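Asker: Provide a 3D model corresponding to the input given below.
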Amino acid sequence: MIGGAQGRVVRLAETARAPVRFWFDGEELRALKGDTVLTAILLSARALRPSEFGPEDRAGFCLMGACQDCWVWPETGPRFRACSTPIAEGMRLLSRPPAPWPEESEA
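Answerer: Here you go, the predicted structure:
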């Protein structure tokens, strides 16, 4: 659990899949093979990232890759949608763009 907070998502089924270890904002977390990045993060966190337009935190909206509410950033490489990307062993993810963050046209 990130910062001692309980996650937004509770796993009720499919608990026999292989574990996957990843990092989110520097904290080591665990998920199960086949989880999306969104599910993997929200099992331990209440939100995915801060909003760029107000004080609210974002946790995904449409859950099908259309709304762009679930962007996350790898430590290196371009941002991606957490709702449609499978979690992978060793991923190092950020809730904010790494500094300095290149413009999309440069990536």
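Asker: for this protein, which spans come out with low pLDDT?
Answerer: When the per-residue scores of the chain are filtered using pLDDT under 70, the ranges that remain are 1-5, 101-107.
Asker: all helices for it, in order.
Answerer: 37-42 (DSSP state H).
Asker: which stretches of it form strands?
Answerer: With DSSP state E as the criterion, the chain has strands at 19-24, 27-32, 49-50, 57-58, 71-74, 80-81, 92-94.
Asker: and the second one, how far out from the chain middle?
Answerer: For strand 27-32, the gap between its own C-alpha mean and the chain's C-alpha mean amounts to 11 Å (Cα atoms, centre = their mean, to the nearest Å).
Asker: go on, the fourth one?
Answerer: Taking Cα atoms, centre = their mean, one finds the center of strand 57-58 at 12 Å from the center of the full chain.
Asker: what's in contact with it?
Answerer: Under the criterion Cβ atoms under 8 Å, 6 or more residues apart in numbering, residues R46, A47, L48, R49, P50, S51, D69, C70 lie in contact with strand 57-58. Every residue, glycine included, has its C-beta placed from N, CA and C.
Asker: before we move on, the earlier item: could I get the strands of the chain as a markdown table with distance to A13?
Answerer: Output for these, formatted as a markdown table (distance: least, Cβ to Cβ, whole Å):
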| stretch | distance to A13 |
| --- | --- |
| strand 19-24 | 16 |
| strand 27-32 | 11 |
| strand 49-50 | 27 |
| strand 57-58 | 26 |
| strand 71-74 | 25 |
| strand 80-81 | 24 |
| strand 92-94 | 25 |
